[in-house]
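Asker: Build the 3D model from these lines:
(chains A, B and C, ligands or ions: 1)
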Amino acid sequence: MASNICQVMTTGRKVSYMSEQILLEIAVDTPLARTFTYSHQNEIPPGCRVMVPFGKQNRRVIGVVLGRSQTEGLVASKIKGIIERLDQEPSLSPVMLRLARWLADYYFHSIGEVLRAMMPASSKVKQKIAWHLTAEGRKAWEVDDHPHHKVVRQVFVRRSPLADGTFTKKISAIDSLGPSAAGAKKKMVSLGLVERADESKVKPTLVQSHQQDLPTTPEPPKNLTVKQTEVFSRLQAAMKAEKKKAQVLWGVTGAGKTEIYLQLIADCFRFHRDSQALVLVPEISLTPQMTMIFERRFPGLVSVVHSALDQKERWHRLEAIRTGAARILVGPRSAVFGPFRNLGLVICDEEHDSSYKQSSGLQYHGRDVAVLRGQMEQALVVLGSATPSIETMANVRSGKYEILELLERVHQRALPEITVLEQKAQKRRGQTIRAGLDEGEIPVHEDVIAELRQNVEKGEQSIVIVNRRGYAYFLFHPASKKTVSCPQCSVSLTVHKKSQTLKCHYCEYQKSLSAFMGSDDEYLIVGYGSEQAESFLRRQLPGARVVRVDSDTVAKKGALEDILRDFRQGKIDILVGTQILAKGHDFPNVTLICLLEVDQMLQLPDFRAGERAFQLMVQAAGRAGRAELSGRVLLQTQKADDPIIRFAVAQDYRAFAEFELGFREAHQFPPFYKMVHIEFNSPEEARLEGVVSGLQDLIQEMLRRHESYRRSLSILGPIAPPIEMIRGRIRRSLILTSKEPKDLWSATRFIQLSCSRLPSDVRMKIDVDPQSIL
DNA sequence: AGCACGCCGACT
DNA sequence: GTCGGCGTGCTC
Ligand SMILES: [Zn+2]
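Answerer: Down below sits the predicted model:
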């Protein structure tokens, strides 16, 4: 029988002795919305990965065991055997499998794709499966007349061990030696000459953050203010409650949310022995300064993941969580899938931040998944923000979440004062590019310059925030009345001075500026970005040390860190840049913040425009005056009467939330109405149009079949979105909204199934709870 | 998705 | 005559 199994294992041939086999339900890494049944000679616990033969060609794919197969009446001859078990211990806990099923249904992805998103290392692991010689195998390799010398040498052909002193060979390398080598490997396995260079055997390394020395003695907790104590004890109680509602910690910047997080983690560890905590942070605020706060308080217990880690390092850091060597995982969105053994507390900081929404593939919302996971693991979930999202406020209103206010800054620091600088609309003619990119004037209120100058003279620091990176918004060609736009995308190209190029901000396209400078035709430079603001401020404020911060200047790893350090050390007077500057960095000496272009944000054709603008204004204001110095915010606008601006000036979040909730409800927008955005795209318009007209018929057909949809569903489209083409793909949007989740989900499923076979170059993507519908 | 099969047009 | 486009079926 052993040879029979070998055959099954190597060829994936059907199994003939079903009585001895166990049938397992396997999720396979394909976009198919169903699972498959495979057989194996022994039980494999759910959550273990397996290699299975799939499709006519029996190509090897990774699957995850979900449990015993429940499928009845499956023809035995169709069932294939599992090729190989890849995990001794489950990679995914039962809770994670339950979560995966839920996410698959909610986001319209197959369970296999969800599982892949949950363990991004698995793609590499496929390559990494390797075998190494055991002590006995090593002897067989060395001793010429050992009975198995030849079989070992057939696979391990090297004349000496690898640098690490072992003999290890990747499975792919063994396979490439031909079928006899695979047979030899099997034989060696059965003889105990080789064993899997199994991942779980790798010792969990102590997790390090980069440069700094890690502390070894824990820093003592800080004293809490009366208000902090009150909030803290309510969180303590919530953590110990049987049924745990998510807690929204609404705390203005500087009110000491972080200290509460730290003490709550400590309390969680005291309360549940061996429990672990997850701290989600927007990628941009995941700096060494930030993670150090946790490492100081919990030396040796913190594991940090972020996108700059290579696959291996990332795996090590997650493994520390899996083994329990680390008890706190700090990371961005994807850390929500961390392999905790005993999750006791989930903290999602800056929960309003849009970077929590994944923008490709499985488009999940990290905060929402955090809430769900916390619920499934009976862990307390804390959502922290100075400006909670409107979604979260709706959940507070409905009683699903509870809110805790922390609206007093510690040490009685005053909230910054926000002043509106009303600016008359002025028709400005763009400058010609022939003059080069030097003397650009930007429409800045004179008070902004005066205040900045004063601040520099006082030795205090300032931040200036504009909307876009680059020098100017676009180049305008008056002769044709057109802007210079990207050939691949329906957007105008942004003028960049440093690189002397026009760049597309939606793809990698760029074009040299020189052709336009030397052209006989006139081109005008319109609008301004961070580069122009930088050079303008340098000219207006000679002697001031001005540094620009946007994704161009901080693209290099560590660049942002360097600038922020110099700024904290007082080597810089003014930071000018994009919204990066408004997000979660701590600048103790900043007393003046200037927001120059709020109006454009309010004008975006997107239902979240108001929320985004409000968040930017209040978050930016939170950067000012955190230390002993009081801060001021200058808001340059032409719409001083806009309600959103008025709420921001008053820093009245509650009034803003009421207003925005009313607006969303009245216009049937999320969160009161659920929204699904289905995008179709193709490089060829004709094909896309073919699909779109089919889609229109399909929708009519759907409405005929389900009369109730006519009342419960609102269907917009298919229409061309504001940015009609991106990366050479023309797009069409179908936007479904409804107050009835059941109808919305079944309608979306209907469309998904009906469009499962589109022409090969037309793609469909489904975005549930879209962040933006541009 | 991937892969095979099978059916029509056009091209060495 | 065949090469190759893509509609259709199937994946335990
Ligand atoms: Zn482009």
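
Asker: Next one: the nearest residue to residue A:691 once chain neighbours are set aside from DNA strand C, what distance?
Answerer: Counting by Cβ to Cβ, 6 or more residues apart in numbering, residue A:691 lies nearest to residue A:762, which is 5.1 Å off, once chain neighbours are set aside. All C-beta spots, glycine's among them, are computed from the backbone N, C-alpha and C. Computed with Cβ to the nearest atom of the strand, to the nearest Å, the distance linking residue A:762 and DNA strand C is 10 Å.

Asker: got it, and residue A:744?
Answerer: Taken as Cβ to the nearest atom of the strand, the span from residue A:744 to DNA strand C is 26 Å.

Asker: right, and that residue touches residue A:751 too?
Answerer: No. Counting by Cβ atoms under 8 Å, residue A:744 sits too far from residue A:751 to count as a contact (10.9 Å).

Asker: hmm, back to that, show me the contacts for the residue nearest to residue A:691.
Answerer: A:680, A:681, A:682, A:687, A:688, A:691 (Cβ atoms under 8 Å, 6 or more residues apart in numbering).

Asker: So which of those residues is the closest to residue A:268?
Answerer: residue A:681 (45.2 Å; Cβ to Cβ).

Asker: dump the residue contacts of the closest one.
Answerer: Here residue A:681 is in contact with A:688, A:726, A:729, A:730, A:731, A:732, A:762, A:763, A:765 (Cβ under 8 Å, 6+ apart).

Asker: Buried members of the contacts of residue A:762 into PyMOL, please.
Answerer: Here is the PyMOL command that selects the buried residues among those (16 or more other Cβ atoms under 10 Å):
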select buried, chain A and resi 680+681+682+687+688+691
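
Asker: Let's have the contacts of residue A:762 in a markdown table, adding secondary structure and distance to residue A:769.
Answerer: Shown next, in a markdown table, are those (DSSP: H, G, I helix; E, B strand; the rest coil; distance: Cβ to Cβ, whole Å):
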| residue | secondary structure | distance to residue A:769 |
| --- | --- | --- |
| A:680 | strand | 19 |
| A:681 | strand | 20 |
| A:682 | strand | 25 |
| A:687 | helix | 29 |
| A:688 | helix | 25 |
| A:691 | helix | 24 |
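
Asker: want to try CSV for the contacts of residue A:762, with distance to DNA strand C and pLDDT as columns?
Answerer: Converted to CSV, the contacts of residue A:762 look like this (distance: Cβ to the nearest atom of the strand, whole Å; pLDDT from 0 to 100):
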residue, distance to DNA strand C, pLDDT
A:680, 15, 95
A:681, 17, 94
A:682, 12, 92
A:687, 9, 88
A:688, 13, 91
A:691, 11, 90
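
Asker: Helices of the stretch 651-774 of chain A, start to end?
Answerer: A:653-666, A:685-705, A:709-712, A:741-754 (DSSP state H, counting those that start in this stretch).

Asker: brain fart, the stretch 351-500 of chain A
Answerer: Using DSSP H, counting those that start in this stretch, helices in the stretch 351-500 of chain A cover A:366-376, A:390-397, A:446-458.

Asker: out of these, which comes closest to residue A:722?
Answerer: helix A:390-397 (21.5 Å).

Asker: That closest one - what's its average pLDDT?
Answerer: Across helix A:390-397, the average pLDDT comes to 98.

Asker: who touches that helix?
Answerer: A:246, A:248, A:351-352, A:367, A:383, A:385, A:388, A:401-403, A:611, A:657, A:660-661, A:664, A:670-672, A:769.

Asker: could you give the angle of it to helix A:653-666?
Answerer: 100 degrees (axes from the mean of the first three to the mean of the last three Cα atoms, to 10 degrees).

Asker: quick check: angle from helix A:390-397 to helix A:366-376?
Answerer: Using the same axes, to 10 degrees: helix A:390-397 against helix A:366-376 is 30 degrees.

Asker: Okay, buried residues for helix A:390-397 please.
Answerer: A:390, A:391, A:392, A:393, A:394, A:395, A:396.

Asker: ok, now stretch A:749-766?
Answerer: A:750, A:751, A:752, A:755, A:758, A:762, A:764, A:766.

Asker: can you tell me which residues contact the second one?
Answerer: Spelled out, that is residue A:751. A:678, A:695, A:698, A:699, A:702, A:734.

Asker: so who does the residue lying farthest from the centre of chain A touch?
Answerer: Largest separation from the mean C-alpha position in chain A: residue A:145, at 57.2 Å (Cα atoms, centre = their mean). Shown in contact with residue A:145 (Cβ under 8 Å, 6+ apart): no residues.

Asker: what about it, distance to DNA strand B?
Answerer: To DNA strand B, residue A:145 is 44 Å away according to Cβ to the nearest atom of the strand.

Asker: Which of the three states applies to that residue?
Answerer: Secondary structure state of residue A:145, per DSSP: H, G, I helix; E, B strand; the rest coil, is coil.

Asker: circling back to that earlier point, buried subset of the contacts of helix A:390-397?
Answerer: Looking at the contacts of helix A:390-397 with 16+ other Cβ under 10 Å, the buried ones turn out to be A:246, A:248, A:351-352, A:367, A:383, A:385, A:388, A:401, A:403, A:611, A:657, A:660-661, A:664, A:670-671, A:769.

Asker: Can you list which of those residues are found in strands?
Answerer: The strands, defined by DSSP state E, take in A:246, A:248, A:383, A:385, A:401, A:403 from the buried ones among the contacts of helix A:390-397.

Asker: Throw these into JSON lines and include pLDDT and distance to residue A:537, thanks.
Answerer: Output for those, formatted as JSON lines (pLDDT from 0 to 100; distance: Cβ to Cβ, whole Å):
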{"residue": "A:246", "pLDDT": "98", "distance to residue A:537": "43"}
{"residue": "A:248", "pLDDT": "98", "distance to residue A:537": "38"}
{"residue": "A:383", "pLDDT": "98", "distance to residue A:537": "37"}
{"residue": "A:385", "pLDDT": "96", "distance to residue A:537": "31"}
{"residue": "A:401", "pLDDT": "98", "distance to residue A:537": "43"}
{"residue": "A:403", "pLDDT": "97", "distance to residue A:537": "40"}
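
Asker: Among these, which one lies nearest to residue A:444?
Answerer: residue A:385 (30.5 Å).

Asker: just the strands in the stretch 501-650 of chain A please.
Answerer: A:501-503, A:510-512, A:524-526, A:546-549, A:574-577, A:590-595, A:632-637 (DSSP state E, counting those that start in this stretch).

Asker: In TSV: the ones you listed, plus mean pLDDT and mean neighbour count.
Answerer: What follows is the strands of the stretch 501-650 of chain A, written out as TSV (pLDDT from 0 to 100; neighbours: other Cβ atoms under 10 Å):
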stretch	mean pLDDT	mean neighbour count
strand A:501-503	96	20
strand A:510-512	94	14
strand A:524-526	91	19
strand A:546-549	95	22
strand A:574-577	95	26
strand A:590-595	92	26
strand A:632-637	92	22
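
Asker: can you put those in a markdown table and add distance to residue A:459?
Answerer: Output for the strands of the stretch 501-650 of chain A, formatted as a markdown table (distance: least, Cβ to Cβ, whole Å):
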| stretch | distance to residue A:459 |
| --- | --- |
| strand A:501-503 | 37 |
| strand A:510-512 | 40 |
| strand A:524-526 | 35 |
| strand A:546-549 | 15 |
| strand A:574-577 | 12 |
| strand A:590-595 | 10 |
| strand A:632-637 | 16 |
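
Asker: Nearest to residue A:568, out of these?
Answerer: strand A:590-595 (9.9 Å).

Asker: give the contact list for residue A:110.
Answerer: Residue A:110 neighbours (Cβ under 8 Å, 6+ apart): A:27, A:30, A:31, A:32, A:33, A:34, A:104.

Asker: Residue A:274: how many residues sit nearby?
Answerer: Residue A:274 has 10 neighbouring residues, counting by other Cβ atoms under 10 Å.
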